[in-house]
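Visitor: predicted coordinates and the sequence they were generated for:
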Amino acid sequence: MLQSLSTELKDGVLKKSRVMTRGTSSKTFHDALEILKRHGIDSTRQNIVSMILPNTEGSIEMYYWMEEYFNLVGDHMPNSNEIHLETMPFKDLHKVYLDESFHKLSAVHFRWVWTNMFHHVKVREFKQV
């Protein structure tokens, strides 16, 4: 069942048969989580990411680059699951990714992966000491 839900979600099917019907093509972490909860399926964060992340070498490389970068550079908040990054323009962070990666994906794709896979990572507006 998890495989068919994953296939339907990647195809943009959010409302079909037991899931939902073809309509919006929103493929977010929260959409996948909601679908799984509705069907009583407990899943790990990694399984949900596998459901919605495009199955390309570039997307997979970008995802793992972000995961490693955010874990190494970000400040892990002790009272929540959030990770805070120092203030940095988005385009500069994308440039760091481009400099360190083999597959050079666009800023649009970079933002999509960040928004949909790393919603818990925030850029700090200012740092309180």
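Guide: Done, it's in.

Visitor: helix, strand or coil for residue 109?
Guide: helix (DSSP: H, G, I helix; E, B strand; the rest coil).

Visitor: just to check, it is in contact with residue 62?
Guide: Yes. When contacts are counted by C-beta atoms under 8 Å, residue 109 is listed as touching residue 62 (7.1 Å). Using the backbone N, CA and C atoms, a C-beta is placed for each residue, glycine as well.

Visitor: more neighbours, the two?
Guide: A direct count of neighbours by other C-beta atoms under 10 Å for residue 109 and residue 62 places residue 62 higher, at 24 against 16.

Visitor: mind listing what's buried in the helix or strand where the more buried one lies?
Guide: For residue 62, the host element (DSSP states H and E) is helix 57-73. Within helix 57-73, the residues that count as buried by 16 or more other C-beta atoms under 10 Å are 59, 62-63, 65-66, 69-70.

Visitor: and the strand or helix carrying residue 36, what does it pack against?
Guide: Under the criterion of DSSP H and E, residue 36 resides in helix 29-38. Applying 3 or more C-beta pairs under 8 Å, 6 or more residues apart in numbering; DSSP states H and E, we find helix 29-38 packed against helix 2-10, helix 45-52.

Visitor: name the residues of that helix that are buried.
Guide: So for helix 29-38, counting by 16+ other C-beta under 10 Å, buried means 29, 31-33, 35-36.

Visitor: pLDDT on it, on average?
Guide: Helix 29-38 shows a mean pLDDT of 82.

Visitor: equivalent analysis for stretch 64-72, please.
Guide: Mean predicted lDDT for stretch 64-72 stands at 94.

Visitor: ok, now stretch 108-116?
Guide: 91.

Visitor: from the chain's centroid, how far away is it?
Guide: Chain-centre distance of stretch 108-116: 7 Å, with C-alpha atoms, centre = their mean, to the nearest Å.

Visitor: residue 64 versus the spatially most central residue of the chain, what's the distance?
Guide: By C-alpha atoms, centre = their mean, the chain has its centre lying nearest to residue 117, at 1.1 Å. Applying C-beta to C-beta, to the nearest Å, the value for residue 117 to residue 64 is 11 Å.
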